[in-house]
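Colleague: Using only what follows, build the 3D model:
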Amino acid sequence: MADSAGSLKPRDLSEWVGKYRGGGVNHDGQGFDAVAELREIVDGRALCLEFTATGSDGEVYHTEVSLISPDLSGSGLCLAQACSNIPGLAVHRSTGVVVAADGLLAEISFAFGGDVSGFRQVLTLSRTHSGTLEYAFAWAMPGEPVEPRSKATMTSV
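Modeller: Next comes the predicted model:
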């Protein structure tokens, strides 16, 4: 198992592959049902994350398809997010990892954006040994500080 964000490989997330269901709260304080699937693609060279947050009235608050794969520059994993909340593809770079005492990956964060003049976002995926997956979104509009905004906690199904 890799011990830094720059040395991660898709196989370090192979234990996380599966389908998940649960709930969360978005940046407007609205509760939602959450569904996620993480699967290996391209012979294990990449992972595909599909995630949807749906309100109790059936309104889809967020839907995304993201690819997680090594950056060709050799700087670690990146997460390329296409979603319903931003107008284009946002490529996030891995910025941090948490490794459990047993050496397995417990958390990985990906960041997009630069200085305060633009949109910035940090996406964090974490998983427990019991099969719980958490997907957390922290973001900021231009001029604002990056703050936690939304989080889903899901269990393996």
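Colleague: where does this structure have low pLDDT?
Modeller: Residues of the chain that meet the criterion pLDDT under 70 lie in 1-6.
Colleague: got the contact list for the residue sitting furthest away from the middle of it?
Modeller: Taking CA atoms, centre = their mean as the measure, the residue most remote from the mean C-alpha position of the chain is Asp57, 24.8 Å away. For Asp57, the set of contacting residues under the criterion of CB atoms under 8 Å, 6 or more residues apart in numbering is empty. In short, each C-beta sits where N, CA and C put it, glycine included.
Colleague: quick one: it from Pro10, how far?
Modeller: Separation of Asp57 from Pro10 (CB to CB, to the nearest Å) stands at 37 Å.
Colleague: Direction included, what does the host helix or strand of Ala80 pair against?
Modeller: Secondary structure assigned from DSSP states H and E places Ala80 in strand 77-83. Sheet neighbours of strand 77-83, with direction, are listed as strand 60-70 (antiparallel), strand 90-99 (antiparallel) (DSSP bridges).
Colleague: Is it possible to get TSV of those strands that adds distance to Phe119 and mean neighbour count?
Modeller: Compiled in TSV, the strands paired with strand 77-83 are given as follows (distance: least, CB to CB, whole Å; neighbours: other CB atoms under 10 Å):
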stretch	distance to Phe119	mean neighbour count
strand 60-70	15	18
strand 90-99	8	17
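Colleague: got CSV for these, with distance to Pro142 too?
Modeller: As requested, the strands paired with strand 77-83 are arranged in CSV below (distance: least, CB to CB, whole Å):
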stretch, distance to Pro142
strand 60-70, 21
strand 90-99, 15
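Colleague: Quick one: closest of the ones you listed to Ala106.
Modeller: Distance to Ala106, taken as CB to CB, is lowest for strand 90-99 among the strands paired with strand 77-83, at 4.7 Å.
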